[in-house]
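Participant: Provided below for reference: sequence and predicted model.
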Amino acid sequence: MCTVVISVGERGARLLAVRDEDPARPWDDLGEWWPDTRPGVFGIRDRRAGGAWLAFDPAARRLAVLLNRADVLDLPDDQALSRGSLALESIAGRSPEGPLPMHGFNLLEVTPEGSRVLSWDGIELRATPVPYGVHMIAHDDLDDPATARIEAWLPQFEAAAAHHDGSPVDWAERWIAVLGESAALSPEDDRAIVRDNHVHGYPTMSLLFCTAEVTPESVQVQSRVLADPGHWD
């Protein structure tokens, strides 16, 4: 149950993305992992499926992040296609089209011209534009007030994204500070962003977070791995 905070403006977007995954599932931190098939593409790679949780193409000025969500699809795991290709295909300009033989997902697509969330629940693939301003998404809809961590922390991220004295603040460090503040909660608390989801029936824990900025000039991404999964350093 990953979490993304995104601020959309006239010249692109800024985001903070927290990845939740089973710590036993092998993965690779930010790098250029597909030089033969996708030269110039960078991302956080899932070794088992060969796909990406987050991927970006600096030349195309595109970035995508994949978040799992619940679905109503009666599809055995051994018959479901991996969702790992979605982010990589998205930054190549190939967004998914339904119906899909995959379990549910939210795919956040970010370009300088605009951002949107593609949501698949097993029945319908919906596109939700991300309007100007600060927003959050997790395992359900954009800014869903029923998602406890969004209800608890969206106002703090909005405040941290504000400008002071007419100059842009150091947005990334301010958002990371809010993330650190949120980590005072137990990782099993439903309001937590840095999470241990075992209590909710999932073997996933927060492993890392990325900050990213997408503008007409560039895509800048930084990754920070948590030393102890599910716990703030």
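Facilitator: That came through, no problem. For clarity, every value in this text was computed on a predicted model and none was experimentally measured.

Participant: what are the ranges of the helices in the protein?
Facilitator: Assigned by DSSP state H, the chain shows helices spanning 85-91, 148-160, 171-182.

Participant: and among those, the most buried is which?
Facilitator: When the helices of the chain are scored by mean count of other Cβ atoms under 10 Å, the highest mean neighbour count falls to helix 85-91 (a mean of 23). The way it works is simple: take the backbone N, C-alpha and C, and place the C-beta from them, glycine included.

Participant: Which elements pack onto it?
Facilitator: strand 52-57, strand 62-68, strand 105-111 (3 or more Cβ pairs under 8 Å, 6 or more residues apart in numbering; DSSP states H and E).

Participant: Can you tell me what sits against that helix?
Facilitator: Contact partners of helix 85-91, identified using Cβ atoms under 8 Å, 6 or more residues apart in numbering, comprise 34, 38, 41, 43, 49, 51-57, 60, 62-66, 95-96, 105, 107, 109.

Participant: thought Val134 was touching Ala161?
Facilitator: Yes: because the distance of 5.0 Å satisfies Cβ atoms under 8 Å, Val134 is recorded as touching Ala161.

Participant: Which of the two has more residues huddled nearby?
Facilitator: Neighbours per residue (other Cβ atoms under 10 Å) separate Val134 from Ala161, with Val134 holding more: 22 against 19.

Participant: and the closest residue to Leu154 other than its chain neighbours, what does it touch?
Facilitator: Closest residue to Leu154 apart from its sequence neighbours, by Cβ to Cβ, 6 or more residues apart in numbering: Met136 at 5.1 Å. Listed by Cβ under 8 Å, 6+ apart, the contact set of Met136 reads Thr3, Val4, Val5, Ile6, Leu142, Asp143, Thr147, Arg149, Ile150, Trp153, Leu154, Phe157.

Participant: which residues does Val221 contact?
Facilitator: When contacts are counted by Cβ under 8 Å, 6+ apart, Val221 is found next to Leu30, Phe42, Leu54, Phe56, Leu63, Cys210, Thr211, Ala212.

Participant: which intervals of the protein have sub-threshold pLDDT?
Facilitator: 163-169 (pLDDT under 70).

Participant: Just the CA atoms of stretch 77-97, as CSV, please.
Facilitator: Taking C-alpha atoms only, stretch 77-97 is exported to CSV below (Å, rounded to 0.1, in the frame of the first residue of the first chain):
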residue,chain,number,x,y,z
ASP,A,77,-2.4,-15.1,-9.3
ASP,A,78,-0.8,-17.6,-11.7
GLN,A,79,-3.0,-16.3,-14.5
ALA,A,80,-2.6,-12.6,-13.8
LEU,A,81,-0.1,-10.6,-15.8
SER,A,82,2.5,-8.7,-13.9
ARG,A,83,1.8,-5.0,-13.3
GLY,A,84,5.5,-4.3,-13.4
SER,A,85,5.5,-3.4,-17.1
LEU,A,86,3.0,-0.6,-16.6
ALA,A,87,5.3,2.2,-15.5
LEU,A,88,7.9,1.3,-18.2
GLU,A,89,5.3,1.3,-20.9
SER,A,90,3.8,4.5,-19.7
ILE,A,91,7.0,6.5,-19.9
ALA,A,92,7.3,5.2,-23.5
GLY,A,93,4.0,6.8,-24.3
ARG,A,94,2.0,3.6,-24.1
SER,A,95,-0.7,3.9,-21.4
PRO,A,96,-2.7,0.8,-20.5
GLU,A,97,-6.1,0.2,-22.0
